[in-house]
Each structure stands twice: as C-alpha cells, then as structure tokens.
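# Output the structure for:
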Amino acid sequence: MADSWSDICRQCVSTVAEVPVYILLGSLLATSLGVFVLFYLFLSFVAPVPRKPYPEEKKYRTLSKDGTITTPEQLPCWYDALESKKQARPNEKHTSIQPAELFMSVVVPAYNEEDRLSGMLEEAVDYLEHMYGTLSNDEASAVKTRSMRQRKPNTDVVNGHTTDSGSDRGWEILIVSDGSTDRTEEVAFRFAKDHQLSLHPKGTAGPWTPQVHEGVHIPPGTIRVVNLTHNRGKGGAVTHGMRHARGRYVVFADADGASKFGDLGKLVTACQEIEDSEGRGVAVGSRAHMVGSEAVVKRSKLRNFLMHSFHLILWLMTPPKTATVKDTQCGFKLFSRTALPYIVPYMHSEGWIFDVEMLMLAEFAHIPVAEVPVGWREVMGSKLNVIYDSIGMAWGLAVLRAAWSLGVYRQK
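Next comes the predicted model:
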C-alpha cells in the first residue's frame with residue numbers, strides 16, 4: 001500500500017513539473033481570487049445590517065408640568081438632518097451637526113430593567129442637576145469648579161466654523177426601552193413624577209448610594225422615554241438614542257448603575273483636554289485599573305479566562321490605536337457632539353460588540369480617544385451569558401473587522 005501511494009505521488013510531481021510555470025501561476029491566482037470572492041460574498045451575507053427605525057420609535061414621551069404623561073412627540077434628530085443633506089448633495093462630504101440645545105445628554109439602554117433602573121436614575125439625576133441643572137449659579141459654579149476644568153470655550157462646529165451655542169447648562173436623560181416586556185417605562189415615569197412634582201422627592205438606594213436620602217427636584221421634561229417596538233440589542237438601543245441627543249456631550253450609561261456616575265466629570269475633563277481643532281473627542285470609562293482588585297479576583301476562573309481571551313482577540317484583530325484601549329466594554333463612554341457624525345451614521349453592530357466598532361470608527365476618523373479610570377461595582381441581574389455571549393462577541397468582532405477591512409462596510 002505504501003509503495004502504491006509513493007508511485008502516485010511521484011506521478012503527481014512529475015505531471016506538475018511538466019506544466020508551464022505561467023499556467024501554474026494563473027491557476028493559483030484564479031483559485032485565490034475565487035476563494036476571495038466566495039469569502040466576500042459569505043461576509044456580505046453574515047455581516048449585520050441594522051434595520052431602519054419605525055416611525056413610532058422616533059418619538060418620545062415625558063412628563064408635563066402637571067405630572068401627566070405626554071402623548072408621543074417627535075424626537076429632534078440631527079442624524080436625519082445630516083442624511084437629508086447627503087441625499088441632496090451626495091458628492092459633498094457632510095459632517096456638520098445641529099447646534100447643541102443643552103450641555104449633557106445621557107443615553108440609557110434599558111431592556112427589562114424595572115428592578116435596577118431607579119437606583120441608577122437616582123444617582124444620575126442627583127449628579128446632573130447639581131452639575132448642570134437649576135441650582136443657583138454660585139452653587140453650581142462652585143461644584144463645577146471642584147469637579148471639572150473647562151479647558152475650551154463652549155462652541156459647536158457647523159460647516160467647519162465654530163459657533164457659540166450657549167449650551168453650558170442643561171441636561172437630559174434618554175431612556176431607550178429596548179422592547180422591554182416588564183414595567184421599565186412605568187418605573188421611569190414614576191421616578192420622574194416623584195422627582196418633578198414632590199417638594200421632597202423620595203430617594204432610592206443605588207449601587208453607589210446604599211443609604212437612602214432625599215432625592216433632588218428635577219425640571220419637567222428632563223427624562224424622556226423612547227420605546228423600541230422590537231428588541232434590537234444594547235448597541236442598537238445606544239445608537240438610536242445617540243441619533244436624537246441634544247447635548248454638547250453625549251454619554252451612554254448602563255441601566256444597572258455599575259459605573260460610578262459621579263465620575264462623569266472625569267470623562268468630560270479628559271475629553272476637553274484631548275479635543276482637536278474641530279472639538280472632536282471621545283472619553284472611555286475604564287475598569288482596567290481594577291484587574292487585580294477583589295471584585296475581579298473573586299470572579300469564577302472561567303469568567304476571568306474568557307475576559308483575558310477576549311482582550312487577546314481584541315489586541316490581535318482591531319486597528320492599532322483601538323488595540324491599545326485596555327477596557328473597550330465598560331458601559332460608560334462620552335462623545336463630544338462634533339464627533340458624532342463621524343461615528344453614529346456608520347454603526348452596524350447592535351449587540352455587545354458595538355463599543356469596539358465605535359472606537360474603530362473614531363480611529364478611522366482620527367478622533368482623539370482618552371481612557372479614564374472610573375469606579376465600577378458588580379450589580380446583580382446581568383443579562384450577559386458568559387459562555388454564549390463570549391462566543392458571540394468573538395464571532396461578531398471577527399465579522400466586524402473583516403467587513404471593514406474588505407470594504408463590505410464603508411464610510412460613505
């Protein structure tokens with residue numbers, strides 16, 4: 001048997017040796033091209049394409065001054081205005097964005113978060129109202145000076161020119177209910193009603209404020225609820241909310257409140273320090289400093305193994321600057337308004353891996369990125385399936401990187 005196989009191999013080698021070199025090279029080239037075309041077609045088939053939002057998803061509800069829930073109102077949308085310009089003048093590059101109406105927009109993706117949302121909102125509104133809200137100017141100024149440094153004047157970039165928008169105060173929270181089937185929206189409205197109408201709002205314990213204290217009074221309309229008809233995933237909910245943000249700065253924060261909301265000032269300061277001439281910048285909340293902490297050490301060996309494996313895959317598969325970010329998955333990231341047109345319109349990922357695509361797009365557009373250590377605590381009730389979602393994230397990252405590298409995804 002061995003002799004027969006040896007004879008066959010010798011015959012194959014002899015046959016190949018008789019074939020002209022140009023035919024061999026042509027065959028190799030044709031085979032490689034065929035494999036590439038098949039891979040490109042396969043990638044085009046499996047690469048995610050986000051669905052367009054339904055008309056009802058581009059509306060919001062909030063509380064009126066008397067505490068009643070408003071009928072659905074149209075959301076302001078800088079993204080639609082930008083797309084209209086692109087369609088009207090397709091041969092021009094459009095990166096301008098409508099001026100900000102307020103200082104800070106907070107996008108909160110929420111899927112069945114009735115048990116954890118109130119604590120996060122309590123900590124968020126307390127910080128936002130004291131920093132950017134309706135406190136007396138002297139008190140607000142004193143708090144702001146202690147917590148953050150204003151490095152640059154408050155300007156927006158419109159059509160390449162900086163304009164003063166006057167949006168150095170004001171805040172909003174956009175709760176994007178991602179097809180929730182529980183009482184997430186009801187909890188949000190109940191929280192808003194108590195903190196809007198009551199002279200002494202009832203406080204709620206949160207991950208960082210376990211001792212209940214009196215809540216802060218908030219202005220009408222500061223909490224807006226957007227309902228997605230069908231679940232899209234965390235990335236889809238965040239992207240949808242960011243399309244409708246009105247703030248000079250836009251931060252997305254997880255509904256569980258695991259990230260310390262009081263560290264938002266650190267993100268703002270870091271972003272302002274690195275912003276380029278167009279005012280573009282991204283500040284990434286990071287838990288990398290906690291790797292050796294008790295919170296991480298006490299995790300299961302499997303979870304820590306998957307965490308380190310994912311970091312290795314990220315380092316191997318992402319562009320050079322994105323690969324240097326030590327914690328891409330922390331749900332606490334801040335964007336300057338002028339950076340949004342370079343990132344949000346080109347988002348495709350709607351699952352857990354969307355953070356990486358945002359950072360990749362920032363790198364492609366040469367937007368400065370700062371990584372900022374923030375406080376973080378484990379909060380019970382996570383919807384992340386460690387094994388299943390880790391595999392999905394690895395697959396999603398591979399598809400994402402290949403799609404951008406081979407031109408399946410393009411910045412048009």
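# hey, let's count contacts and neighbours off CA atoms from now on
Fine.
# Helices of the protein, start to end?
Under the criterion DSSP state H, the chain carries helices at the ranges 2-18, 21-46, 78-88, 117-132, 137-147, 184-197, 234-243, 264-274, 294-297, 301-317, 320-323, 354-364, 386-405.
# Quickly list the domain ranges of the chain.
Domain assignment for the chain, taken from automatic domain parsing, gives 1-46, 53-405.
# returning to what we had before: pick out the shakiest of the helices of the chain, pLDDT-wise.
Mean pLDDT across the helices of the chain is lowest at helix 137-147; the value there is a mean of 43.
# Can you tell me how far residue 311 is from residue 229?
Note on residue 311: its distance to residue 229, by C-alpha to C-alpha, to the nearest Å, is 34 Å.
# Also residue 191?
From residue 191 over to residue 229 (counting by C-alpha to C-alpha), the distance is 22 Å.
# Which strand residues bridge the nearest residue to residue 369 once chain neighbours are set aside?
Distances taken as C-alpha to C-alpha, 6 or more residues apart in numbering place residue 282 nearest to residue 369, at 4.7 Å, with adjacent residues excluded. Note on residue 282: beta-bridge partners by DSSP bridges are residue 335, residue 369.
# what's the pLDDT at residue 282?
98.
# More neighbours: residue 191 and residue 229, which one.
Set residue 191 next to residue 229 and count neighbours by other C-alpha atoms under 10 Å: residue 191 wins out with 21 against 14.
# Contacts only, for the closest residue to the more buried one other than its chain neighbours.
Closest residue to residue 191 apart from its sequence neighbours, by C-alpha to C-alpha, 6+ apart: residue 118 at 6.8 Å. Going by C-alpha atoms under 8 Å, 6 or more residues apart in numbering, residue 118 touches 187, 188, 191, 204, 206.
# any idea how far residue 98 is from residue 118?
Here the criterion is C-alpha to C-alpha. By it, residue 118 lies 32 Å from residue 98.
# for residue 364, same thing?
Taken as C-alpha to C-alpha, the span from residue 364 to residue 98 is 23 Å.
# Who has more neighbours out of these two?
A direct count of neighbours by other C-alpha under 10 Å for residue 364 and residue 98 places residue 98 higher, at 18 against 15.
# just checking, the more buried one touches residue 79?
No. Using C-alpha atoms under 8 Å as the test, residue 98 is too far from residue 79 to be in contact (9.1 Å).
# residues near residue 407, how many?
Using other C-alpha under 10 Å as the criterion, the residues surrounding residue 407 number 11.
# Likewise for residue 383?
So residue 383, with other C-alpha under 10 Å, has 9 neighbours.
# Residue 317 now?
That count, for residue 317 with other C-alpha under 10 Å as the rule, works out to 17.
# residues near the closest residue to it other than its chain neighbours, how many?
Leaving aside its sequence neighbours, residue 317 sits nearest to residue 401 (C-alpha to C-alpha, 6+ apart; 6.7 Å). A total of 18 residues lie near residue 401 under the criterion other C-alpha under 10 Å.
# Could you report the separation of residue 401 from residue 74?
35 Å.
# same deal with residue 397?
The value you get for residue 397 to residue 74, if C-alpha to C-alpha is used, is 34 Å.
# again with residue 270
Separation of residue 270 from residue 74 (C-alpha to C-alpha): 33 Å.
# which of those two has more neighbours?
residue 270 (23 against 13).
# who touches residue 174 in this structure?
Shown in contact with residue 174 (C-alpha under 8 Å, 6+ apart): 105, 106, 107, 108, 223, 224, 225, 226, 241, 245.
# Please identify the most buried of the domains of the chain.
Stretch with highest mean neighbour count among the domains of the chain: domain 53-405 (a mean of 18; mean count of other C-alpha atoms under 10 Å).
# Start and end of that domain, how far apart?
27 Å.
# and that domain, how far out from the chain's middle?
Offset of domain 53-405 from its chain centre (C-alpha atoms, centre = their mean, to the nearest Å): 6 Å.
# So which of the contacts of residue 174 are in strands?
Using DSSP state E, the members of the contacts of residue 174 that fall in strands are 105, 106, 107, 108, 223, 224, 225, 226.
# And the contacts of residue 174, which is closest to residue 373?
Distance to residue 373 across these (C-alpha to C-alpha) is lowest for residue 106, with 19.0 Å.
# tell me the contacts of that closest one?
Residue 106 neighbours (C-alpha under 8 Å, 6+ apart): 171, 172, 173, 174, 245, 250, 251, 252, 253.
# Would you reformat the residues you listed as TSV and include pLDDT and distance to residue 377?
Shown next, in TSV, are the contacts of residue 106 (pLDDT from 0 to 100; distance: C-alpha to C-alpha, whole Å):
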residue	pLDDT	distance to residue 377
171	97	25
172	97	24
173	98	22
174	98	23
245	97	27
250	98	22
251	98	19
252	97	17
253	97	14
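# out of these, who's nearest residue 45?
Among those, and counting by C-alpha to C-alpha, the member closest to residue 45 is residue 252, at 30.1 Å.
# OK, contacts around that closest one?
Counting by C-alpha under 8 Å, 6+ apart, residue 252 has contacts 106, 107, 108, 109, 238, 331, 332, 333, 334.
# Apply 10 Å and report the result again.
By C-alpha atoms under 10 Å, 6 or more residues apart in numbering, the contact set of residue 252 is 105-109, 173-174, 238-239, 241-242, 331-335.
# Next: residue 316.
Each residue near residue 316 by C-alpha under 10 Å, 6+ apart is listed here: 310, 323.
# ok, it to residue 218 distance?
Computed with C-alpha to C-alpha, the distance linking residue 316 and residue 218 is 46 Å.
# again, but for residue 331
Going from residue 331 to residue 218 by C-alpha to C-alpha gives 25 Å.
# Over to residue 230?
Applying C-alpha to C-alpha, the value for residue 230 to residue 218 is 30 Å.
# what do you get for residue 262?
For residue 262, the distance to residue 218 - C-alpha to C-alpha - is 17 Å.
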